[in-house]
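>>> Sharing a model that was predicted from the sequence below.
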Amino acid sequence: MAEEELPGVLILDIGGTDGVLENLVDLLKKHFCLITMKEFLENKKEMRKKIQSVFVFERRPTIDRELLESLPNLKVIGNSGVGVDHLDLKMISSFGVKVTNTPHAVADSTADIGMALMLASARRLVEGNVLN
């Protein structure tokens, strides 16, 4: 029996300033065939049918009508982050595509930094750290 091919996920890139964090790549590869935007644009005809999802990381890749029209098998857009206000949900849903996000992914980190800022302010740590 032939091994079933993993669904394709479109990502902007791997690593660098705009790409998916390298420590997420192994996890994604367990469930998806990763297709970078560069690979997609170089071979649109073949890649467009493989892509069933888009992983939006740091608001990239940009989801617009042109991209949605070029991905006939797209089922879901996964946004890595809390909000989806940067996505046109009405337009995306008109293509029959679902949108998901990670609403609690950074809750602990946000609380930690908030507490650190309050403590630093109350104890005047920044002012105490300035060299005269």
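On my side now, so go ahead.
>>> how about the least confident helix or strand in the chain by mean pLDDT as CSV, C-alpha atoms only?
Across the helices and strands of the chain, the lowest-confidence element by mean pLDDT, DSSP states H and E is helix 125-129, at a mean of 79. Extracted in CSV, the C-alpha atoms of helix 125-129 (Å, rounded to 0.1, in the frame of the first residue of the first chain):
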residue,chain,number,x,y,z
LEU,A,125,15.0,49.6,37.7
VAL,A,126,15.6,51.4,34.3
GLU,A,127,16.7,54.6,36.1
GLY,A,128,18.9,52.7,38.4
ASN,A,129,20.6,50.9,35.5
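>>> Excluding its own residues, what touches the longest strand anywhere in the chain? List them.
Criterion DSSP state E: the longest strand present in the chain is strand 51-57. The set of residues external to strand 51-57 that reach it, using C-beta atoms under 8 Å, 6 or more residues apart in numbering, is 7-12, 19-21, 28, 32, 35, 40, 61, 63, 67, 71, 73-81, 87. Where you see a C-beta, it was placed from the backbone N, CA and C, and this is true even at glycine.
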